[in-house]
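Engineer: coords below, sequence missing:
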């Protein structure tokens, strides 16, 4: 029997093969890809054929609708959300952060209610759980701390018990150098990023927490160039962001093959103009941030990229071996002692200018978010045909912010965006992409925790 795809009978889900039995059978993913391309194509054709004033309306960011969708959830959510009972700090973050991106302030009573709720999620032995009385978890710790930093008041920031948090993170530290998500939980790149990000943000990151993390992440880079959740798994956009962001916060970005990583991420931007999370997968609006931010990082790392490329011409560099002893963004050589000011790495990184223009099509990405991810009633979604939700609202808007500022030539507290698709009112607040918090909120937290 001929095992080739051509010998497989067509199915009703395969319109091309049904029309011509000599054509190869399409996979389910290929059929779904064709459907997505058709939906997106219809949207783009309607834009290109529209009158100028209609185009302006189509490319507008519907701020008021998004605010009206996001705000009520901070007060009350319906019974259908009971399945997210262990993710309640995430729900806070997925609403508070996009509202901050839209420059929408919360009233004092609501801010205090959120602070009080997250205080009940803070475990007596450190870290934050998914809800009061639940097990502390690094992912919900990240969500809770980012929410409190985004609120930014002295009450919010001082509510974080940094001593207990540090002890919790030490307990989650594995002999491999990586972190596990919770007591007895999985060890992966996501756990390492959430630990390093939080520790850096609240200024408790030291040599004990940092030791071995970079080497573990380097072992997770795949033959494709992206980073997997654990060694020998498949490269994934979320883990690639997590891995590279953690390495930058540790001043160890040179531990991965950056040219290969850039190539993998760049090719994840598809014909729809958005990003896919893995090879041969469908586009998804949330990867506007995960992939968009990951490749935006590398615009500040071109010095390391150049050194790695030159090194590859002269010799084969062993996996995980340092290509250079210093970073390209103004930090001094790494020291193997607890005296390293790890919190400074994230601060110095965001102060540096991009060394090169966008390594992805930032205008096309904005087009996908504005036309294909926005929902008229408010909120954003994965792709046309999907429903809106708070998660995609958060990360689509974060990706929009990244793409708006990815061509900037100025840095510091007032970065200058150069590429904003649609009316200038579409411009969002700039973020610190390593942590995914609004930039001025990051600076407030940096000053607060530096003084303690």
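Structural biologist: Great, that's in hand. Not measured: the values here are computed from a predicted model.
Engineer: so what's residue 198 up against?
Structural biologist: Contact analysis of residue 198 by C-beta atoms under 8 Å, 6 or more residues apart in numbering lists 138, 141, 142, 145, 165, 169. Just so you know, the C-beta spots here come from the backbone N, C-alpha and C atoms, and that holds for glycine as well.
Engineer: Name the nearest residue to it, ignoring sequence neighbours.
Structural biologist: If the residues on either side of it in the chain are set aside, residue 198 comes closest to residue 145, at 4.9 Å by C-beta to C-beta, 6 or more residues apart in numbering.
Engineer: what about the one you found, which SS state?
Structural biologist: Classification of residue 145 by DSSP: H, G, I helix; E, B strand; the rest coil places it in helix.
Engineer: Would you agree it is in contact with residue 122?
Structural biologist: No. Assessed by C-beta atoms under 8 Å, residue 145 is found out of contact with residue 122, at 10.0 Å.
Engineer: List the residues that are in contact with both of those two.
Structural biologist: Common neighbours of residue 145 and residue 122 (C-beta under 8 Å, 6+ apart) are 128, 160.
Engineer: out of those two, which sits in the busier spot?
Structural biologist: Set side by side, residue 145 and residue 122 show more neighbours around residue 145, with 29 against 22, by other C-beta atoms under 10 Å.
Engineer: and the gap between that one and residue 119?
Structural biologist: 12 Å (C-beta to C-beta, to the nearest Å).
Engineer: Let me see the confidence value for residue 2.
Structural biologist: Note on residue 2: pLDDT of 37.
Engineer: Scan this protein for its longest helix.
Structural biologist: In the chain, with assignment by DSSP state H, the single longest helix is helix 28-48.
Engineer: From the chain's centroid, how far away is that one?
Structural biologist: 25 Å (C-alpha atoms, centre = their mean, to the nearest Å).
Engineer: Now do that helix: which elements does it pack against?
Structural biologist: Packing partners of helix 28-48 (3 or more C-beta pairs under 8 Å, 6 or more residues apart in numbering; DSSP states H and E): helix 52-58, helix 362-368.
Engineer: repeat that for 10 Å
Structural biologist: Using 3 or more C-beta pairs under 10 Å, 6 or more residues apart in numbering; DSSP states H and E as the contact test, the elements touching helix 28-48 are helix 15-19, helix 52-58, helix 362-368.
Engineer: which one is residue 373 nearest to, not counting chain neighbours?
Structural biologist: Once flanking residues are discounted, residue 373 sits nearest to residue 285: 4.1 Å by C-beta to C-beta, 6+ apart.
Engineer: Which of the three states applies to that neighbour?
Structural biologist: Of the three states, residue 285 takes coil under three-state DSSP.
Engineer: how near is it to residue 225?
Structural biologist: With distances taken as C-beta to C-beta, residue 285 is found 23 Å from residue 225.
Engineer: Tell me which of those two has more neighbours.
Structural biologist: A direct count of neighbours by other C-beta under 10 Å for residue 285 and residue 225 places residue 285 higher, at 27 against 20.
Engineer: who's in contact with that one?
Structural biologist: Shown in contact with residue 285 (C-beta atoms under 10 Å, 6 or more residues apart in numbering): 274-275, 365, 368-369, 372-374, 380-383, 386, 391-393, 395-397, 399-400.
Engineer: Recalculate using a threshold of 6 Å.
Structural biologist: For residue 285, the contacting residues are 373, 382, 392, 396, by C-beta atoms under 6 Å, 6 or more residues apart in numbering.
Engineer: Scan those and report the most crowded one.
Structural biologist: residue 396 (30 neighbours).
Engineer: Might one say that that residue is in contact with residue 380?
Structural biologist: Yes. Contact criterion C-beta atoms under 6 Å: residue 396 and residue 380 qualify, at 4.0 Å.
Engineer: Number of residues surrounding residue 177?
Structural biologist: Neighbours of residue 177 (other C-beta under 10 Å): 17.
Engineer: For stretch 211-230, give me every contacting residue.
Structural biologist: For stretch 211-230, contacts defined as C-beta under 6 Å, 6+ apart pick out 176-178, 188-189, 192, 231, 234-235, 239-240, 243, 247, 250, 252, 255-256, 260-261, 263-264, 320.
Engineer: Just those: which are in strands?
Structural biologist: Using DSSP state E, no member of those sits in strands.
Engineer: buried subset of those residues?
Structural biologist: Burial by neighbour count, 16 or more other C-beta atoms under 10 Å: within those this picks out 176-178, 188-189, 192, 231, 235, 239-240, 243, 247, 250, 252, 255-256, 260-261, 264.
Engineer: Now residue 349: phi and psi?
Structural biologist: Dihedral pair for residue 349: phi -60, psi -50, per degrees, to the nearest 10.
Engineer: Show me where the stretch 351-452 of the chain has its strands.
Structural biologist: Ranges of strands within the stretch 351-452 of the chain are 380-381, 388-389, 431-432, 437-438, based on DSSP state E, counting those that start in this stretch.
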